[in-house]
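> mind looking at a prediction? Sequence and model below.
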Amino acid sequence: MKIRELLSDELTWTKGASGRTREGFSCLPDSVDAVRWCLSGAVERCYEGRLGIPIFGRIERALAMGEVMDWNDAPERTFAEVKALVDTLDI
């Protein structure tokens, strides 16, 4: 599954946690209870283990900054920006 499929709409995206349950509690992105993911959590969910390393690299180069999670969690960040990045990178 690609990240753009996982983060299909704003209801599947989150900030402040790699994954969240339906109730809004923080959880691991690969948990069976996860229904929302930040961009980093979506990478972990869709590209397990070492497969995620090059994906993180592509995202970081596109952002021209360090941490993917920091970018995702920035107060001004919107789902539309996350979705546009994911679509542009075709991930």
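Nice, thanks for sending it over. Numbers count the residues shown, from 1 in each chain.
> who touches whichever strand or helix holds Arg58?
Applying DSSP states H and E as the criterion places Arg58 in helix 52-63. Helix 52-63 has contacts (CB atoms under 8 Å, 6 or more residues apart in numbering) with 3, 39-40, 43-44, 46-47, 66-68, 71, 85, 88-89, 91. (Each C-beta comes from the backbone N, C-alpha and C, glycine too.)
> mind listing what's buried in that helix?
Under the neighbour-count criterion of 16 or more other CB atoms under 10 Å, helix 52-63 has 52, 55-56, 59 buried.
> now stretch 40-51
By neighbour count with 16+ other CB under 10 Å, stretch 40-51 contains the buried residues 40-47.
> for the record, mean pLDDT for that stretch?
Mean pLDDT, stretch 40-51: 90.
> likewise for stretch 77-85?
For stretch 77-85, the mean per-residue pLDDT is 97.
> check which residues of that stretch are buried.
Going by 16+ other CB under 10 Å, stretch 77-85 has these buried residues: 77, 82-83, 85.
> tell me the centre residue of the chain?
Against the mean C-alpha coordinate of the chain, by CA atoms, centre = their mean, the closest residue is Leu39 at 1.4 Å.
> now it. Nearest residue, chain neighbours left out?
Spatial nearest neighbour of Leu39, excluding adjacent residues (CB to CB, 6 or more residues apart in numbering): Asn72 at 4.3 Å.
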